[in-house]
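K.L.:
here's my sequence, what's the structure:
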Amino acid sequence: MEYLGYIASIIIGLSLGLIGGGGSILTIPILVYLFKIDPEIATSYSLFIVGITALFGCISHYKMGNLKIKSALYFAIPSVVSILIIREVIFPKIATTLFSIASYQVSKNVLIMAVFSVLMIASALAMIRKSKTVVVTSTKTNYLQLSGIGFLIGIVTGFLGAGGGFLIIPALLFFANLPMKQAVGTSLLIIFINSSIGFGGDLYIGTPINYKILFLISGMAFIGMIIGLKLSKKIDGAQLKPIFGWFVLFMGIYIITKEFFFK
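P.N.:
Here you go, the predicted model:
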């Protein structure tokens, strides 16, 4: 299963390179089901993998002039606050077993996977639907609302270890009034900041990390991203996005079914 996991890790980067997002949503299922990593610890691994792949994409967009640093900071700083509150204060206090229904026990790990599956389904539906062209009617940025949205999305990132790019990009489009290319580039910077600080906080509180596995998975995802970027010059990523969305939707439904009916 571990070898299958490394092959699957390539898909994380491949999707990021081809369609510009969505790959990180597969990180947790790959870590939990193929590498048999505890879901809570898997969220830490995911923060590192998502962060390092976002950094690579961020550098590319910086060269293209697609980063808006001020908007990124107004979004990222509140996000970092909520991420640290979730991971370093709330997470450790959540009981291992939350409650029982008859003979079935709902654990913290089941809660993580259930919430993550809902995020996967929401992300899948966003990819399956035809994207509407967003027309920017104002050049002003509502920094207060942008910071508020950043705080809320930080909760998602902190709890699930997911980048939340499909949530960040619309926020930057509507509240920072950025063109799509700048929203994508700026979202990668935000994801890198959030994921890096979240992972650093986990290291500070002593979360056990198997660096060999972590670096190997990250390396495979990086290879996948390079392949995806090269293929993106020949293949229209927009056409592949709905197909990938259906795959993510299937995975989300599979996780719910497995965690609640086939434990």
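K.L.:
now do the helices in the stretch 151-263 of the chain.
P.N.:
In the stretch 151-263 of the chain, the helices defined using DSSP state H, counting those that start in this stretch lie at 165-175, 180-204, 211-231, 237-261.
K.L.:
for the third one, what does the pLDDT average out to?
P.N.:
Read it as helix 211-231. The pLDDT scores in helix 211-231 average 86.
K.L.:
can I get that helix in PDB, CA atoms only?
P.N.:
The C-alpha trace of helix 211-231 is given here as PDB (Å, rounded to 0.1, in the frame of the first residue of the first chain):
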ATOM      1  CA  TYR A 211      10.600  12.900   8.000                       C
ATOM      2  CA  LYS A 212      11.700  10.100   5.600                       C
ATOM      3  CA  ILE A 213       8.100   9.500   4.600                       C
ATOM      4  CA  LEU A 214       7.200  13.200   4.600                       C
ATOM      5  CA  PHE A 215      10.100  14.200   2.300                       C
ATOM      6  CA  LEU A 216       9.500  11.200   0.000                       C
ATOM      7  CA  ILE A 217       5.800  12.100  -0.400                       C
ATOM      8  CA  SER A 218       6.600  15.800  -0.900                       C
ATOM      9  CA  GLY A 219       9.200  14.800  -3.500                       C
ATOM     10  CA  MET A 220       6.700  12.600  -5.400                       C
ATOM     11  CA  ALA A 221       4.200  15.500  -5.400                       C
ATOM     12  CA  PHE A 222       6.900  17.800  -6.600                       C
ATOM     13  CA  ILE A 223       7.700  15.500  -9.500                       C
ATOM     14  CA  GLY A 224       4.000  15.300 -10.300                       C
ATOM     15  CA  MET A 225       3.800  19.100 -10.400                       C
ATOM     16  CA  ILE A 226       6.700  19.400 -12.800                       C
ATOM     17  CA  ILE A 227       5.000  16.900 -15.100                       C
ATOM     18  CA  GLY A 228       1.700  18.700 -14.700                       C
ATOM     19  CA  LEU A 229       3.200  22.100 -15.600                       C
ATOM     20  CA  LYS A 230       4.700  20.600 -18.800                       C
ATOM     21  CA  LEU A 231       1.500  18.900 -19.800                       C
END
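K.L.:
list the helices and strands that helix packs on?
P.N.:
Under the contact criterion of 3 or more CB pairs under 8 Å, 6 or more residues apart in numbering; DSSP states H and E, helix 211-231 touches helix 2-19, helix 39-63. Any C-beta I mention is one placed from the backbone N, CA and C, and that applies to glycine too.
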